[in-house]
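[1] all I have is the shape, not the residue letters:
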C-alpha cells in the first residue's frame, strides 16, 4: 500500500489530510488527488486505495471503517469522504457570482480582465447566460478604445474577442514605445551642438548691444580722442 503512494515521478509531494487542520480544505485535497490520478493513469480499482495513502490521523481511521465497495470505487469514496469531511470554506452562491459578472470591468490590462472574466463565467451555470451574451458583456466591459476595435472585428466567439483585444493592446503599447519614447543621451548630438553654437552667438550679440547701451564710458570723443564723453560735451575745444 505504501509503495503506491511513494512512486517517484518528479511530482511535488502533497500534504497529507488528517481531518483536523481547518486550513486544509477537503475539496482542495480531492482536487489534488484527481490531478495525481490523471498524471499516474492508475486503474479504477486502485484509485481509492492510492488516495488513502495520503490520509492520516482521524481521516485514516475513518478509511479503515469504510465500506469495502467504497474502498474500490473512487466515486463512492469521494462522496463518502466529502460527507464525512465537509468543506468549511464559504461557497459563493449563483447570485453572488451573477453580481460579480455584471460589475466586472477592465481596470488594468486586457490579460487581467480576460482571466477575471473566465473565472467568473466558469462559476455560472451554462443555462443562465448564453455564449453570445458572454461575448456582448465582455466587449462592453473593455476600455472604450479597445472595446470599439473588438466590436468592429465581428468576432463570433468569446475566445476570439479575447485574442483580438490582447493583440490590439500589445500593438498599441508597442506603437507608444516607438513614437513617444524619450531620446537617448547621444541621439541628435549634431543638432544640439548647432543649437548650442547658435545660442552662444546670439548671446554675444545681445551682450554687445547691452554694453553700448549701459556703458557709455566706452565711447570715444571725436574732438579730443578721450573716452567717456561726446564731442558736444568736450571741455577741450582748443583742438580743431
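    Happy to help now that I have it. Here the structure is a predicted model, which is why all the values come from computation and not from measurement.
[2] mind giving me the domain split of the chain?
    Recorded structural domains for the chain (assignment: automatic domain parsing) are 2-84, 94-179, 189-233.
[3] any chance of TSV for those, columns mean neighbour count?
    Bear in mind the C-beta positions are built from the backbone N, C-alpha and C, glycine included. Output for those, formatted as TSV (neighbours: other C-beta atoms under 10 Å):
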stretch	mean neighbour count
domain 2-84	14
domain 94-179	14
domain 189-233	11
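[4] where among these is the average confidence lowest?
    With a mean of 57, domain 189-233 has the lowest mean pLDDT of the domains of the chain.
[5] what sits closest to residue 80 if chain neighbours are left out?
    residue 70 (5.2 Å; C-beta to C-beta, 6 or more residues apart in numbering).
[6] that neighbour reaches residue 84, doesn't it?
    No - with contact defined as C-beta atoms under 8 Å, residue 70 does not reach residue 84; the gap is 10.9 Å.
[7] now for the helix or strand encompassing the residue nearest to residue 80, which elements pack on it?
    Counting by DSSP states H and E, the element that carries residue 70 is helix 68-72. Contacts defined by 3 or more C-beta pairs under 8 Å, 6 or more residues apart in numbering; DSSP states H and E place helix 68-72 against helix 44-52, helix 74-84.
[8] in TSV, list these along with distance to residue 66.
    Below are the helices and strands packed on helix 68-72 laid out as TSV (distance: least, C-beta to C-beta, whole Å):
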stretch	distance to residue 66
helix 44-52	9
helix 74-84	6
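[9] what segments of this structure are helices?
    2-5, 26-40, 44-52, 58-64, 68-72, 74-84, 94-103, 110-123, 131-141, 144-152, 158-179, 189-214 (DSSP state H).
[10] of all those, which lies closest to residue 228?
    In terms of C-beta to C-beta, the element of the helices of the chain nearest to residue 228 is helix 189-214, at 14.0 Å.
[11] so residue 147 sits against residue 137, correct?
    No - contact criterion C-beta under 8 Å: residue 147 and residue 137 do not qualify, at 11.1 Å.
[12] which residue packs closest to residue 52, ignoring adjacent ones?
    In space, residue 52 is closest to residue 63, 5.0 Å off (C-beta to C-beta, 6+ apart).
[13] I should have written residue 224 there, sorry.
    Residue 224 sits nearest to residue 236 (C-beta to C-beta, 6+ apart), 4.5 Å away.
[14] residue contacts, the one you found?
    Each residue near residue 236 by C-beta atoms under 8 Å, 6 or more residues apart in numbering is listed here: 223, 224, 226.
[15] can you give me the distance of it to residue 228?
    Separation of residue 236 from residue 228 (C-beta to C-beta, to the nearest Å) stands at 12 Å.
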